[in-house]
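K.L.:
Coordinates only, no sequence provided:
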């Protein structure tokens, strides 16, 4: 028997930083996951811990580096971490850092931004992934928890029927999803915050404006919009669960439901996943 | 043996409504819980179902009434439901309706509000509770999931010490909480949406501006602010979990942490709960 | 304005203890919640922390007392804690301790119990609640997460019908619930573990054997069984969510579903809650 | 721009079946996820739904086939489903089915197994994955939610130190994990239930008996044990989160904590993931 693919690391390192500027404070909140891969087989097979950078040290390193490198883009902080872990762990050939930012927004009080009070803006999270090897970095970013709904402009018809088909065709339905998007940068240097803003706007507007024949069709429109607006992105992957809403049958009560009263159903749910990418060999 | 206090009902009735106006759509999302109390002991002790309005009928009634009574204030929709259930179930002496609204906001697209696309604004929920008896209604409202944080303006000192005390006094700490508030109206007629807006603003501004000696002290400031700004509210109850953030000890790494790097800790957590109320016999 | 009812404490204190006996180890896992009530209004209204035993001290006290009082019954450990907190906090008139035990079972290895390895037995939790005042203790216990299902022996018919009724009567349905039970002891001295075993068995057997006309009817049978078998219990409260399972309509596919294929539905769900108690003035 | 890798399907199809045998009933509960991949790009890019088997039909098919093919091994039911979906959707080149079984156990009542009442045995789930292409099947299985703890027989020492190391070496610690295991069968025909029993026992006993120098070291022992006992398995993958338990520092209270009182910490947590496999070209 032999040891196959393996990795180890620390998940759920929770970091909050406060920048104490003269006129105001800034607060940031991240959850960081660290994973290493490399020449670690003997840790498993021989109980030899000499190549192991303990996961506890991953934790302390995140805090120590957050102190020395005040947080700017999470993508760059991820790169700083990944490079540190390759240095600290000679046996590692790959360091993967996943960062999730939970955004805070400044509270309005008395009509203007409060200097040191904040509220959680939404359930939306911003993500970044950095994969560092001895020869370079790959940087990706994304967002999660962006919940969108449109009340018209969406149909689903012309699909395959078989003996188990009960779904009826429709040219107008309520469509809702919780967007998880990740995009991959062509290089490790890009204007990450600007791209995040553009990508988010592209996703939202494409979802809203698209005349959708299916959630797949919408995914394509959303992915195209990100690539169109973010020249530094070479590929965007979307996972779109279909948050089903069904019109309630009110006919037993003598009522006509003109798509005004819906039940939201948790499970089961459709899932559409796909990547939209630039043609190979195409620059940004 | 005898049957003591009892109630029954349906929880988690999920309702989404769409108002299809000429120039735009409006979308609302509620989760509704229904409970009845009354003369139901023989259902338990004798298996006599004749007084039971089935919980399935509670579900259908919510949808049917949502069709006939386009959703305005959730407080009023709750009153409509409660009164219907008292009518439908002669054995019931009390109908309690709890409504949770999950707010949607209109998407911006091309610089203006989109006519039929929406996003989930935040994890914040708006709540209402209506308790109807044969002699009248009591209406309450509230909000949940309002997550607030301040980076200064909060201390905790002068507390009781004993042999198990390890906590150090501080005159400046990071304070964070997730506000659950409920308020009780003096009458069943009030401008509910205006009060909700005022109460929310009062809670946020009081949290932000208050010079806090403890989370209890902040609770008092927040409760007072709600009563001050919402004349129709006679009592406000607050549940404030203390979302602890501890400065990370960076001294082993030769670093000085001037309250810039924190770890957020999930458990255990402090909980402060209390009500602020007008003196008895005091009008609004 | 005035300060109304209030309480404070620490929730989610996680305690694991290991007893290192000569021939084997024993492991216990608890989550402890502590709440104090009393003469604390000035903490809120004046920011006076002098009466406050910090919630951090509640945490340390739980661990320190767990060291000095090796864990036996969680009810007694709760009493020990409650009494300590009344001593430590002179302003407190009430200390409430809630304890949740997450049971571990000894692993079988090579056909016999392993001396120091354990597995989580189930999602079931055992609970205890101790409320201590300056004049005495009240002790309760219970269990949560006991998920039961019966495939026959349950009907629901003869219920009230109205214009919103669509549910059909049935004399044979699948019935499932997740039992939350709490029982109150007549005195603070009882054989708590024996009672827990008897109560659990009574709940399970009554659910299984009862010829049920409704979930309310089953609740009564279950509550009676606990009082019958546990003489030291004076009152048992049950919360029984109805975990709905509906036969799938297979007729579109030319199939007859003789209650063999079901869909489990999460929401909405019925909830039945009630207490069964001995007549007032009746001894155990 | 072009459409990259994509898939679609239905997640969370909840199926409960009852076999009504003459002397007793049997109950099974599954959650099924279905995914298709293949020649679906035009669904995205052109809004052409003609190749789409709707996810709603995946749902109905699961129920209809559960009626016609009484549930035996979940692996075989998965194969039946996968083959049906390849037949029903000509554009699909791959059908992946993931099945999660939530086990029920027969209730004991009056000293023997009850004919039609059941309880949820534990939080443990049994899984299977079937991937079907036009040329064959690959079958895997596994388990999730197996929570294990050992109070001794585990150390962690000799690891790499750097400037951010604070962790101390130990030759005796409490070790706990929640096992997620998946194993891959060499062929689509195997005695799946027997293998599951053997694999589970191998995992538990190896965890218990192993003299562990690290969680990686334990992973290797557990993986080897599965391959040793299950000849039809060619590869086993394990994901072992480290559920950290730290001895509480009781020295401020004059107490000595001889590894008897621990705090369980949720986050962050170490994660060890790895596969153990037979040498290529080696038969079972």
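P.N.:
Received it, and whenever you're ready, just let me know what you need. Predicted model only: the values in this text are computed from it and were never measured. Numbering: from 1, shown residues only, chains lettered A, B, ... in the order given.
K.L.:
State the distance from residue A:76 to residue A:99.
P.N.:
10 Å (Cβ to Cβ, to the nearest Å). Where C-beta positions appear, they are placed from N, C-alpha and C, glycine not excepted.
K.L.:
more crowded one of the two?
P.N.:
Each of residue A:76 and residue A:99 has its neighbours counted (other Cβ atoms under 10 Å in any protein chain shown); residue A:99 has more, 26 against 17.
K.L.:
can you pull the contacts of the more buried one?
P.N.:
Taking Cβ atoms under 8 Å, 6 or more residues apart in numbering or on different chains, we find residue A:99 in contact with A:30, A:31, A:32, A:33, A:74, A:75, A:77, A:78, A:127, A:128, A:129, A:130.
K.L.:
mind redoing it with 7 Å?
P.N.:
A:30, A:32, A:74, A:77, A:78, A:127, A:128 (Cβ atoms under 7 Å, 6 or more residues apart in numbering or on different chains).
K.L.:
can you tell if the one helix or strand residue A:114 maps to touches chain B?
P.N.:
Applying DSSP states H and E as the criterion places residue A:114 in strand A:112-120. Yes. Interface with chain B: strand A:112-120 contributes A:114, A:116, A:117, A:118, A:119, A:120 (Cβ under 7 Å from any Cβ of the partner chain).
K.L.:
Mind checking the pLDDT average for the helix or strand just after that strand?
P.N.:
Scanning forward in sequence from strand A:112-120 by DSSP H and E, the next helix or strand is strand A:125-133. Averaged over strand A:125-133, pLDDT sits at 98.
K.L.:
which helices and strands does strand A:125-133 pack with?
P.N.:
Helices and strands touching strand A:125-133, by 3 or more Cβ pairs under 7 Å, 6 or more residues apart in numbering or on different chains; DSSP states H and E, are helix A:74-88, strand A:92-101, strand A:136-150.
K.L.:
Next, the angle strand A:136-150 makes with that strand.
P.N.:
Angle of strand A:125-133 versus strand A:136-150, following axes from the mean of the first three to the mean of the last three Cα atoms, to 10 degrees, is 160 degrees.
K.L.:
Which strand runs longest in chain A?
P.N.:
strand A:2-20 (DSSP state E).
K.L.:
what secondary structure does the closest residue to chain B within the stretch 151-284 of chain A sit in?
P.N.:
Residue of the stretch 151-284 of chain A nearest chain B, by Cβ to the nearest Cβ: residue A:208 (3.4 Å). The local conformation at residue A:208, judged by DSSP: H, G, I helix; E, B strand; the rest coil, is helix.
K.L.:
Find the residue closest to it in space, skipping its chain neighbours.
P.N.:
residue B:117 (3.4 Å; Cβ to Cβ, 6 or more residues apart in numbering or on different chains).
K.L.:
Near the one you found, how many other residues are there?
P.N.:
26.
K.L.:
before we move on, what about residue A:230?
P.N.:
23.
K.L.:
go on, residue A:194?
P.N.:
Close neighbours of residue A:194, defined as other Cβ under 10 Å, add up to 11.
K.L.:
On the pLDDT front, check it for me.
P.N.:
97.
K.L.:
and after the helix or strand in which it is found, which helix or strand comes next?
P.N.:
Assigned by DSSP H and E, residue A:194 falls within helix A:192-209. Per DSSP H and E, helix A:192-209 leads on to helix A:215-229 as the next helix or strand towards the C-terminus.
K.L.:
can you list contacts of that following helix?
P.N.:
With Cβ under 7 Å, 6+ apart, helix A:215-229 has contacts from A:175, A:177, A:183, A:198-199, A:202-203, A:205-207, A:210, A:212, A:233, A:236, A:238, A:240, A:242, A:270, A:272, A:274, A:276, A:278, D:1, D:3, D:8, D:43-45, D:47.
K.L.:
could you check the angle helix A:192-209 makes with that helix?
P.N.:
Using the same axes, to 10 degrees: helix A:215-229 against helix A:192-209 is 140 degrees.
K.L.:
Any idea how far helix A:215-229 is from the middle of the chain?
P.N.:
Offset of helix A:215-229 from its chain centre (Cα atoms, centre = their mean, to the nearest Å): 16 Å.
K.L.:
Hey, what's the angle from it to strand D:2-20? Just curious.
P.N.:
With the same axes, to 10 degrees as the basis, helix A:215-229 and strand D:2-20 are set at 150 degrees to each other.
K.L.:
For burial, what's the neighbour tally of the closest residue to chain C within the stretch 101-250 of chain A?
P.N.:
Nearest residue of the stretch 101-250 of chain A to chain C, counting by Cβ to the nearest Cβ: residue A:166, 5.5 Å away. When neighbours are counted by other Cβ under 10 Å, residue A:166 registers 13.
K.L.:
returning to that earlier point: bridge partners for the residue nearest to residue A:208, pull those for me.
P.N.:
With DSSP bridges applied, residue B:117 shows beta-bridge pairing to residue A:150.
K.L.:
Can you verify my assumption that it contacts residue B:107?
P.N.:
Yes. The pair residue B:117 and residue B:107 qualifies as a contact (Cβ atoms under 7 Å) at a distance of 4.3 Å.
K.L.:
Quick check: neighbours shared by these two?
P.N.:
Shared contacts of residue B:117 and residue B:107, counting by Cβ under 7 Å, 6+ apart, come down to residue A:208.
K.L.:
interface residues of the stretch 1-150 of chain A facing chain B?
P.N.:
Residues of the stretch 1-150 of chain A lying near chain B (Cβ under 7 Å from any Cβ): A:14, A:16-18, A:20, A:25, A:27, A:63-64, A:66-67, A:104, A:107, A:109, A:114, A:116-123, A:146-150.
K.L.:
And these, which of them are buried?
P.N.:
Buried members of the residues of the stretch 1-150 of chain A next to chain B, counted by 16 or more other Cβ atoms under 10 Å in any protein chain shown: A:14, A:16-18, A:25, A:27, A:63-64, A:66-67, A:104, A:107, A:109, A:114, A:116-123, A:146-150.
K.L.:
Each with direction, which strands does the helix or strand bottoming out on mean pLDDT in chain A pair with?
P.N.:
Of all helical and strand segments in chain A, the minimum by mean pLDDT, DSSP states H and E falls on strand A:104-109, at a mean of 94. Applying DSSP bridges, strand A:104-109 is found paired with strand A:112-120 (antiparallel).
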